[in-house]
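Chemist: Here's a sequence, model it:
(chains A and B)
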Amino acid sequence: MNDPAVSVDGLVKTYGNAVAVNGISFDIAPGETFALLGPNGAGKTSTIEMLEGYRKRTAGNIDVLGFDPGRNRREFRERIGLVLQSTALEPELTVQETITAFSEFYPKPARIDGLLTSVGLADQRTKRIKALSGGQQRRLEIALGLVGDPDVLFLDEPTTGLDPDARNGIWRMIQQLSGRGKTVILTSHNMAEVEALADRLAIMVSGEICAIGTVPEVVGLYGGNPRITFWWPHEAPPGDLPPSLAGAHDTGDNWYVCEVAEPALALSELTGWAGLHGVDLNHLTITKPSLESIYLSIVDRFHQAGGGSQ
Amino acid sequence: MILFRQVRYQLMLFFRRPAAMFFVIIMPVVLLALLTQILGNEAIPGEWVSTAQFYTPALAVFGVVSACYIYLAVSTATSRDQGVLKRIRGTPLSPTVYMTARIISVSIIAFISAIIVIAAGVYFLDVEMLWEKFAAGCVILFVGGLTFAALGLAVAAMCRSSETVQAVVNATLLPLAFLSEIFIRPGRELPDWMVRTADFFPLKHFGVAFGNAFRPSLDGHGFTFGGDDTVFTIVPELTVMAIWGIAATLVAVRFFKWDYKL
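Modeler: Residues are numbered from 1 along each chain as shown, chains lettered A, B, ... in the order given. Alright, predicted model coming up:
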């Protein structure tokens, strides 16, 4: 494996007596899209801002592309791209002027025409920023994050507050980036976004990472088993259910739900049993646990365990 | 060159803000027209030649201060509120170059404002240009502009929000402008405390020094030390302004933050 693009080791950030980041460690490989999740106040933004070079760390080590972001070197800034949480543009400049101004900061800027086309703003180039919609402003900010042709791109809640159409456009752009070998660090509160974009994710609660891995890994480790749901038309619960479905329980209105460790075995037993009893199973579903439900249960469990208490 | 291009963007921003343009560039001319109409522009007994000969340099100074102090402080604090400064800080652009560009741009705006008022005075109100004092006048404008730019950035450094900055710059400039012989030409002796207050702050020194460059009764080109009341010298006023400018620069450099959440 190559050297990681980003390496964080024992990172700590305190504000006075409050511990915002409590000794976290992770690596991000080049070309990977890495999502950092967590409730508000979990320390995500502090972590991202230390990686971006905006904040000084209290302890630990950070390596981004071989640079220590805390030293805030120009060479470091030339190789990262930023999309901050809130819009930060001069409202009176046009799209073209804004992106041209930013391109002048970088030694090898991307071609502006191609960039504006790829974010769908080629027809808006003479419009002033204040005349753009929220989605257009956000897409321009992503273009500004990319104008220096960075190796690492930070995206802090890139689609918060956007309509689904604008959000999909931004997702497509981010997916293209990782195809071009860019490392992307993403924060989001939208689990669908994380599932669509992230190769790996870390969930932060109270300054600590409490789950990390690929989406299937996190789902597999923390999410429990797939869930079979079916409709049983008779009053009495089926006493003679097959063994793999023994845990099925009625959720009301004759709907039965069961978590199963081996879905293939459970399904074959269920269909055999249904054939035997003349049940048509036309409401049968099998679902994997959603990232959202897993995220909520991890955060909840961590809070209850008193993890990361200060 | 990146500094030149940044100055250009800052100038574009200014010229696209009608309210800022009105206060910095139009307002001094409007005040000159109003004051000369209200007070009359005939020659007044005493050393001053005309109302316009007094108010033209005074309002040129007011325009310079509007640009360098009020506009620079408020626009910088607004950019900070909007997150623009934080965003710029995250690029390879040097923060020094960015702030220098802002200062150069307001200096250019200040000179444009001063030139317009003086030209209006000369063409419409018979203001006399004293060319032997012109170089000293330019030095005064330059040092005064930089001093008030430093003061503006010091205010922006000490206040968190652009609303506070707006309140502080206006509350400090307007009363002082009345005490400092900018808006009012005193027809009688002012109370002692007023004179001492005005003498303490840099605005009066700026106004008096630049006004002296338009006083036909003074002798010399201004670049002299000492002499009696009939000699034009910019040295005492420049010294006071420079002290304020240096102090303000130290405060701004020490306390200015590019984002108050960091």
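Chemist: Could you give the number of residues near the spatially closest residue to B:P202 that is not a sequence neighbour?
Modeler: Distances taken as Cβ to Cβ, 6 or more residues apart in numbering or on different chains put B:W244 closest to B:P202, at 4.2 Å, once the chain neighbours are dropped. Bear in mind the C-beta positions are built from the backbone N, C-alpha and C, glycine included. Each residue near B:W244 was counted by other Cβ atoms under 10 Å in any protein chain shown, and the total is 22.
Chemist: Which strand or helix spans B:W244?
Modeler: helix B:235-255 (DSSP states H and E).
Chemist: what's that helix packed up against?
Modeler: helix B:134-158, helix B:202-212 (3 or more Cβ pairs under 8 Å, 6 or more residues apart in numbering or on different chains; DSSP states H and E).
Chemist: Going by neighbour count, which residues in it are buried?
Modeler: B:E237, B:L238, B:V240, B:M241, B:W244, B:G245, B:A248, B:T249, B:V251, B:A252 (16 or more other Cβ atoms under 10 Å in any protein chain shown).
Chemist: next one: stretch B:149-167
Modeler: Neighbour count says stretch B:149-167 has B:149-157, B:159, B:162, B:165-166 buried, by 16+ other Cβ under 10 Å.
Chemist: which one of these is nearest A:G220?
Modeler: B:S162 (50.3 Å; Cβ to Cβ).
Chemist: Give me the residue ranges of chain B where confidence is low.
Modeler: Flagging of chain B using pLDDT under 70 yields the residue ranges B:43-48, B:186-187.
Chemist: residues from it in reach of chain A?
Modeler: B:2, B:5-6, B:9, B:12-13, B:16-17, B:79, B:82-84, B:86-87, B:89-94, B:259, B:262 (Cβ under 8 Å from any Cβ of the partner chain).
Chemist: So the spatially closest residue to A:L37 that is not a sequence neighbour: helix, strand or coil?
Modeler: Closest residue to A:L37 apart from its sequence neighbours, by Cβ to Cβ, 6+ apart: A:I203 at 4.9 Å. Three-state call for A:I203 (DSSP: H, G, I helix; E, B strand; the rest coil): strand.
Chemist: Count residues in the vicinity of A:I203, would you?
Modeler: 26.
Chemist: Bridged to it, which residues?
Modeler: Applying DSSP bridges to A:I203 gives these bridge partners: A:L37, A:A211.
Chemist: hang on, the earlier thing: quick check, nearest of the buried residues of helix B:235-255 to chain A?
Modeler: When the buried residues of helix B:235-255 are compared for distance to chain A (Cβ to the nearest Cβ), B:A252 comes out closest, at 20.0 Å.
Chemist: For that closest one, list the residues it contacts.
Modeler: Going by Cβ atoms under 8 Å, 6 or more residues apart in numbering or on different chains, B:A252 touches B:A150, B:L153, B:A154, B:A156, B:A157.
Chemist: would CSV of those with distance to B:A171 be doable?
Modeler: CSV is the format used below for those (distance: Cβ to Cβ, whole Å):
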residue, distance to B:A171
B:A150, 19
B:L153, 17
B:A154, 15
B:A156, 15
B:A157, 17
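Chemist: which among these gets closest to A:G10?
Modeler: B:A157 (34.7 Å).
Chemist: Looks like that closest one contacts B:F256 (just checking).
Modeler: Yes: with contact defined as Cβ atoms under 8 Å, B:A157 reaches B:F256; the gap is 3.9 Å.
Chemist: Cool, thanks, talk later.
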